[in-house]
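Enquirer: here is a sequence together with a model predicted from it:
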Amino acid sequence: NAGVTQTPKFQVLKTGQSMTLQCAQDMNHEYMSWYRQDPGMGLRLIHYSVGAGITDQGEVPNGYNVSRSTTEDFPLRLLSAAPSQTSVYFCASSYGLASHNEQFFGPGTRLTVL
Amino acid sequence: DAKTTQPTSMDCAEGRAANLPCNHSTISGNEYVYWYRQIHSQGPQYIIHGLKNNETNEMASLIITEDRKSSTLILPHATLRDTAVYYCIVRSQTGANNLFFGTGTRLTVIP
C-alpha cells in the first residue's frame, strides 16, 4: 500500500490564482480530511469527509472547497489564492468513522502564495 | 472536546526514558486521550491512545491518572529519531474522527 499520497509537494501561486491539491489513499478508508499548519502552530482542520459524496466544514473552511466523488480521492481546491493561505497542507484518512481509529497522514504540500 | 495543556519543550538524553506530561482536567467520561507526533516537516504519526487503563504498544506507554485529569506518554529508551513535536489530544467517541491539535511539546533527544 502507498498509504496517503499528496501532490504536489511544493507549489508557488500568485494572489488570485486557483489550484487543486490532490490527496489519494489506497487503504479503502471512509474518513478523509484536510489540515493546514502554519509556522509554529498545530494543525487546523479545514474540511473533512465521512464517505463518498459527503463533505463537511472543519475549523477553518473559508477559501477552500472540497468534493469526494470516490472513496480514494479527496481534492482540496483554492478558488482564489491569498497570501494568508501560505501554509503546509496535510491530508489524512482513517478506517471507519469512529474517533478511536488511527489517522494516517500524507507527507504534506508546501504552498506559498505571493 | 476537552482542552489539553503540555509543556512547550523538553530535553531527554539518548537511551533514557522520555516522560511527556499532558493535563486535561476538563476531560469527560467518554473522551479518549490520543498521542500523535510530528517529526520535522513530516505528517503527524499516531502513537497510542487510551480511555482509563494504562496502555502499551511497540512505540510507547500511556499512563492515565485515576481521575483521568492528566496523562504521561513514556518513550522507554529515547533515540535521536524520537526528536519531534508530540501532541496530546482529547477526543470523544462520538461524531466524525476530527482531531484538534494544540502546539504540543517539542522533545529534543540529546546524544
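Expert: Everything's here; your move.

Enquirer: tell me the centre residue of chain B?
Expert: residue B:35 (3.5 Å; CA atoms, centre = their mean).

Enquirer: I'd say that one and residue B:44 touch.
Expert: No - applying CB atoms under 8 Å, one finds residue B:35 not in contact with residue B:44, separated by 10.1 Å. C-betas here are computed from N, CA, C, even on glycine.

Enquirer: now do the contacts for the residue nearest to the centre of chain B.
Expert: For residue B:35, the contacting residues are B:20, B:22, B:46-49, B:60, B:62, B:73, B:86-89, by CB atoms under 8 Å, 6 or more residues apart in numbering or on different chains.

Enquirer: just those: which are in strands?
Expert: Among the contacts of residue B:35, the residues falling in strands (DSSP state E) are B:20, B:22, B:46-49, B:62, B:73, B:86-89.

Enquirer: between residue B:35 and residue B:44, which contacts overlap?
Expert: residue B:87.

Enquirer: re earlier: possible to save the contacts of residue B:35 as CSV with neighbour count?
Expert: Written out in CSV, the entries for the contacts of residue B:35 read as follows (neighbours: other CB atoms under 10 Å in any protein chain shown):
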residue, neighbour count
B:20, 23
B:22, 24
B:46, 19
B:47, 21
B:48, 19
B:49, 20
B:60, 19
B:62, 22
B:73, 25
B:86, 23
B:87, 26
B:88, 26
B:89, 23
